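Asks: return a 3D structure for these sequence lines:
(one chain, ligands or ions: 2)
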Amino acid sequence: MSRPTIELQQLTKIFRSGTSALTVLKEVDLAIESGESVAILGPSGSGKSTLLALIARLDRPTSGQVLLDGAPIQDRSESELALHRRHQIGFVFQSFQLLTNMTARENVRLPLELIEAPDPEKRAAELLALVGLEDRGHHYPAQLSGGEQQRVALARAFAAEPPILLADEPTGNLDRHTGSRILEVMVQLRQHFESTLVLVTHDTAVAQLADRRLYLIEGKLLDDEQSAKEMLGPVR
Ligand code: ADP
Ligand code: MG
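Replies: Ligands and ions are numbered 1, 2, ... in the order given. Next comes the predicted model:
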């Protein structure tokens, strides 16, 4: 599948409640090349998850737009958007977000069934093998460690071979050693499937694995670490 470029144009997101308004993103511009990996750094509450939700069109911007291959996604119907998410986007979250009443294998099988992939059962087993969990397919998430759950989540995220992977603090709930193992697996899968990666994190060490680092500070996306630090103090 072709890998679309991702463009954000003047993207603004304001959360309103009652009389108060919280401006999270202020006219953010960003262009991500096909196959590129970009890390977005920023402190907690800076709008990183919001940015990913807008890229996946899980939420709508207040103004501005997201373009895939130059075409605004706002022009697509809800059913087109659902197909887009299913086929084109893999998601990995800090909290794994596995379905707790399903085994590891069933969690990985689900996106394969949604895209009507051939032999989802066999493919799910292959994907679990790819993340080193070939013998844990029948275990439920509660029977797996955090690192193992995130491996399952990675197998699930890559199952439909999406051209875009969005990772939201994927190591945030893991100790450093386990986290770096997970990043290795993620990097290998990304190379294997040649996906574009947008990785959000508050951890500068995690961000090192990306081709490019950007800093989300006070609603603005900066590409210069020095000016980000001046606005913030060190980003940890
Ligand atoms: P990050 O992922 O960088 O920690 P988020 O994108 O989750 O930040 O949130 C950015 C800010 O927007 C936070 O102050 C958060 O409380 C606020 N926020 C996020 N989602 C909503 C929402 N649905 N309604 C109101 N405020 C929200
Ligand atoms: Mg977040």
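
Asks: for P162, grab phi and psi.
Replies: The phi/psi pair for P162 (degrees, to the nearest 10) reads phi -70, psi 140.

Asks: need the contact list for it.
Replies: Going by C-beta atoms under 8 Å, 6 or more residues apart in numbering, P162 touches 1, 87-90, 193, 195. Every residue, glycine included, has its C-beta placed from N, CA and C.

Asks: need the worst-confidence member of the residues you listed.
Replies: Within these, M1 has the lowest pLDDT, namely 52.

Asks: rewinding a little: which one among the contacts of P162 gets closest to ligand 1?
Replies: When the contacts of P162 are compared for distance to ligand 1 (C-beta to the nearest ligand atom), I89 wins out at 17.3 Å.

Asks: number of nearby residues for the closest one?
Replies: Using other C-beta atoms under 10 Å, I89 is surrounded by 23 other residues.

Asks: relative to E169, how far out is it?
Replies: Distance, I89 to E169, by C-beta to C-beta, to the nearest Å: 17 Å.

Asks: kindly report the same for R181.
Replies: Using C-beta to C-beta, R181 is found at 16 Å from E169.

Asks: hmm, back to that, which members of the contacts of P162 occur in strands, if any?
Replies: Within those, residues falling in strands by DSSP state E are 89-90.

Asks: redo the contacts of P162 as JSON lines? Include distance to ligand 1.
Replies: Compiled in JSON lines, those are given as follows (distance: C-beta to the nearest ligand atom, whole Å):
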{"residue": "M1", "distance to ligand 1": "28"}
{"residue": "H87", "distance to ligand 1": "25"}
{"residue": "Q88", "distance to ligand 1": "22"}
{"residue": "I89", "distance to ligand 1": "17"}
{"residue": "G90", "distance to ligand 1": "18"}
{"residue": "F193", "distance to ligand 1": "25"}
{"residue": "S195", "distance to ligand 1": "21"}
